[in-house]
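J.: Sequence plus the predicted model coming up.
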Amino acid sequence: MTVLASMIRAYLVLASTLLMLTIIVIPFLEPGSPTYIVALFSIFLLVIFIILLLIYGKRVLRSLES
């Protein structure tokens, strides 16, 4: 496994951990509060980040195999 693949895996683990923690916190927040809005925004950004990492990781691993 290359260093780049290890970095992508580490970023995926970190992002998925933060996503799970944010999802766990959401039910305990008051809807409409600033903390709730920030949590929803962070979920949105983390999902986009994970999708981009998966696309980039697939592209990098495909180019390494060639």
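T.: Right, received. Where do you want to start?
J.: remind me, longest helix of this protein?
T.: Criterion DSSP state H: the longest helix present in the chain is helix 34-65.
J.: The residue most central in space within the chain and Leu40: what is the separation?
T.: Centroid-nearest residue in the chain: Ala15, 3.3 Å away (criterion: C-alpha atoms, centre = their mean). Distance of Ala15 to Leu40, given as C-beta to C-beta, to the nearest Å: 16 Å. C-beta: built from backbone N, CA, C; applies to glycine.
J.: what's the answer for Arg9, then?
T.: 27 Å.
J.: in stretch 11-27, what's buried?
T.: Tyr11, Ala15, Leu18, Leu19, Thr22 (16 or more other C-beta atoms under 10 Å).
J.: got a list of contacts for it?
T.: Tyr36, Ala39, Leu40, Ser42, Ile43, Leu46, Val47, Phe49, Ile50, Leu53, Leu54, Gly57 (C-beta atoms under 8 Å, 6 or more residues apart in numbering).
J.: so who does the fourth one touch?
T.: Yep, that's Ser42 we're talking about. Leu18, Thr22.
J.: how near is Ile48 to Thr2?
T.: Distance from Ile48 to Thr2, by C-beta to C-beta: 25 Å.
J.: again, but for Gly32
T.: On the measure of C-beta to C-beta, Gly32 and Thr2 end up 46 Å apart.
J.: of those two, who's got more company?
T.: Thr2 (10 against 7; other C-beta atoms under 10 Å).
J.: Flag the shaky bits of this protein, pLDDT-wise.
T.: The model of the chain has pLDDT under 70 over residues 1.
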